[in-house]
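>>> test case, fold it:
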Amino acid sequence: MRILGIDYGRKKIGLAVATSILAEAYEVIRYETIGEAMKKIEKVAKEENVEKIVVGISEGQIGMETKFFANELKKIVGNKVVFQDETLSTVDAQSLAIDADVKRKKRKNFEDAFAATVMLQSYIDRVKG
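Residues are numbered from 1 along each chain as shown. A predicted model of the protein is given here:
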């Protein structure tokens, strides 16, 4: 099963793609409107034959915005959309990138995709039990 992980942000969205066992960073989408972001995600979902979308969720205002975004995405993409706690995923992603000796510029450009990868891998590990 192909799964798309999404780390939602107000200007950038990190994407990761996974098989049923391993998540990998895919790309970072920069956007100006939600509609533009939705179209880009829909394209990736089709290209990658995604069967499920996992959206990282946090608490507070950004969490409410993320839920709204995910519900709109579900209407467009039609895939099963589920949520996964993304608390500390960005911090974990930064640590992993530093440990892997990823250069600072690449870390900055792909930080959201790395965070999506950490969040998606957490989801896979939780579901596998």
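>>> low pLDDT regions in this protein?
Counting by pLDDT under 70, the ranges of the chain that qualify are 79, 88-109.
>>> 90 instead?
Low-confidence segments of the chain, defined by pLDDT under 90: 1, 19-21, 58-63, 76-80, 85-115, 117-118, 122, 125-129.
>>> mind listing the strands for it?
3-7, 12-18, 23-30, 52-57, 80-85 (DSSP state E).
>>> so what strands line up beside the shortest one?
Translated: strand 3-7. Under the criterion DSSP bridges, strand 3-7 sits next to strand 12-18 (antiparallel), strand 52-57 (parallel) in its sheet.
>>> chain center to that strand: distance?
Put simply, strand 3-7 sits 3 Å off its chain's centre (CA atoms, centre = their mean, to the nearest Å).
>>> same thing with the fourth one?
Counting by CA atoms, centre = their mean, strand 52-57 is centred 6 Å from the centre of its parent chain.
>>> and the contacts of that strand?
1-8, 45, 63, 66-67, 69-70, 73-74, 77, 79-86, 89, 115-116, 119-120, 123 (CB atoms under 8 Å, 6 or more residues apart in numbering). Yep, even glycine has a C-beta here, placed from its N, CA and C like the rest.
>>> repeat that for stretch 76-88.
Contacts of stretch 76-88 (CB under 8 Å, 6+ apart): 4-5, 7, 38, 41-42, 45, 50-59, 67, 70-71, 73-74, 115, 119-120, 122-123, 126.
>>> buried residues, it. List them.
For stretch 76-88, burial by neighbour count (16 or more other CB atoms under 10 Å) applies to 77, 79, 81, 83, 84, 86.
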